[in-house]
Each structure stands twice: as C-alpha cells, then as structure tokens.
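Asker: sequence plus predicted model, see below.
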Amino acid sequence: MDQMYYRSDVGKIRAHNEDAAEIFRNEFATVLTVADGMGGHAYGDIASQLVIEKVRTRFEALTQFEDQEAARIWLKSILQEANDEIIAYIEKNNVEKGMGTTVIIAVLTRHFIALAHVGDSRAYLLANGKLRQVTKDHTFVRKLIEEGKLTEKKAKSHPHRNIIMNALGVGLDLKFDYLVVENYDLDAVLLCTDGLTSMAEDKDIQSVLEEPQSTVEKVEKLIKLANEMGGRDNVTAALYEFGEGRAQL
C-alpha cells in the first residue's frame, strides 16, 4: 500500500516558521504541496499558507484530470490566482519587505505525475537506487551554473546562493516550470524546501529514503538530519512512497 507523510519544522535558528505543506487525496489523484514563504514574521507564513489554502479549495472541487494538459491548466490557474492574491495583499497592506513564496506541487494520478514549481523548493524522484532532482532551482547561482560561470561545488558556498530569481508575489507575469513523468517505475516522490537541501547532501537524503523504515520515520529523520547539520532555516518535507511492486503503468 502507498504511504505518504509531511512535516514542517522551524529549525534551530529562526523563531518563526514560514514554510507550509499539505497532502490532499481522493479517488482520482493525490496532490502534494510544499511552500516556503518570504517576507519575515506575519508575511512569509501568510504567503505560503495562501498557496496551501488555494490548492485545498481547488482540490475539493476536483473530480479527475482528463489528461496532462488538464493538469497543467489546473496547476497554472492555482499559481496564477495565488500570485494575484499575494500581490493584492501586498498593495492593500503596504508591505514594504519582499513578501512572496516558493511553491512545488506534485499531482499523482494512475497514469502520470505532473509537477509545477516556482522558486527553489525541490522535487526528487527515487527509482532503481538513484535519487534524481527533477526541478531546476530558480536561483542566481543556478543561472550562473547554466551559463558555465560557476561549478556545482562552488555554488554550495557562494555568497549569493540564497538569492531567488522567481517566486509567487514578485510580479504580475507568472513564470513557472511544468513537467510530466509518465510510464514511471518509482519508489518515492519527495518535495522539500531549501531548509533541507541547503543542509543535507543528496546522497544523505537518499540514504534516509532507502532505509527500511516507515514513511513517517523517514520524514522525521530528514527533518532531524537538517537540524543536526545546523538547522539554519525552516525545513519541510512531503514524501510519497509507492507500495510493493512500485508505481508502474
């Protein structure tokens, strides 16, 4: 039987948790959502929670996705509405400090997995003994890496590694990445904020996911790992593990 679990933790340094997450499920689909708010106390958490509530409202009215395009349109409309509402909140409340949020949403159906994301929260797939990051961080250092101006190794310690190039709430023009996984044979799908990935190496995350423990125990261990490595940020993880035989079409 498939198992799923999520948790968000404030970490060891910050006094307030601006991350948010939720898992929604019905007979047609499972939707995992993780968001990392920005803007400080009273603003970042509002932005991230707004995304969660937007997904909740839209999911409650969901029957099924006819195809991948229907999933893309559904995800785009959620992101667009959330983006517009955050911007409206900023204008109404005269928010001066940059309010916004990253978001990664995974839609799991019997026939495909659809992913939409904005910012640097990530999606990983575990299959055949390999953990693979399938989203690209919308960050300054990722841009430098793709331009050949920076190596992956140096990016981890770059002074501007935390600069995000894209997030909900930064502008009216919505930009997001969308990708689909089909004909999949997976062990797990992991969504997480950079509070985990900035603290732990991918190989360490994979080691936790491959341990013979429950899904709950694995998520708790990922949170613990990030905190043991410094816990400099809020940390959130949502994990979906496929049952025996794995997901296969």
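Answerer: Done, it's in.

Asker: where exactly do the strands run in this protein?
Answerer: 3-9, 19-25, 30-38, 100-108, 112-118, 122-127, 130-133, 177-182, 188-192, 235-241 (DSSP state E).

Asker: next one: the most centrally placed residue in the chain from S214, what distance?
Answerer: If you average the C-alpha coordinates of the chain and look for the closest C-alpha using CA atoms, centre = their mean, you land on I104, 3.4 Å from that point. Using CB to CB, to the nearest Å, we find I104 at a distance of 23 Å from S214. C-betas here are computed from N, CA, C, even on glycine.

Asker: could you do Q80 as well?
Answerer: 37 Å.

Asker: could you do A21 as well?
Answerer: Distance check for A21 against S214: by CB to CB, it reads 18 Å.

Asker: those two: who's more crowded?
Answerer: A21 (23 against 12; other CB atoms under 10 Å).

Asker: residues contacting the more buried one?
Answerer: With contacts taken as CB atoms under 8 Å, 6 or more residues apart in numbering, A21 has the following neighbours: 6-8, 32-35, 52, 191, 236-238.

Asker: can we see that at 10 Å?
Answerer: Going by CB atoms under 10 Å, 6 or more residues apart in numbering, A21 touches 6-8, 32-36, 48, 51-52, 104, 121, 191-193, 236-238.

Asker: so how far is the top helix by length along the chain off the chain centroid?
Answerer: The longest helix of the chain (DSSP state H) is helix 68-92. Relative to the mean C-alpha coordinate of its chain, helix 68-92 is positioned 16 Å out (CA atoms, centre = their mean, to the nearest Å).

Asker: for it, packing partners?
Answerer: For helix 68-92, the elements it packs on are strand 30-38, helix 44-60, strand 100-108, strand 112-118, strand 177-182, judged by 3 or more CB pairs under 10 Å, 6 or more residues apart in numbering; DSSP states H and E.

Asker: give me the distance from the fourth one to the chain's centre.
Answerer: Mean-position distance between strand 112-118 and its chain equals 10 Å (CA atoms, centre = their mean).

Asker: could you do the last one as well?
Answerer: Once both centres are worked out by CA atoms, centre = their mean, strand 177-182 turns out to sit 14 Å from its chain's centre.
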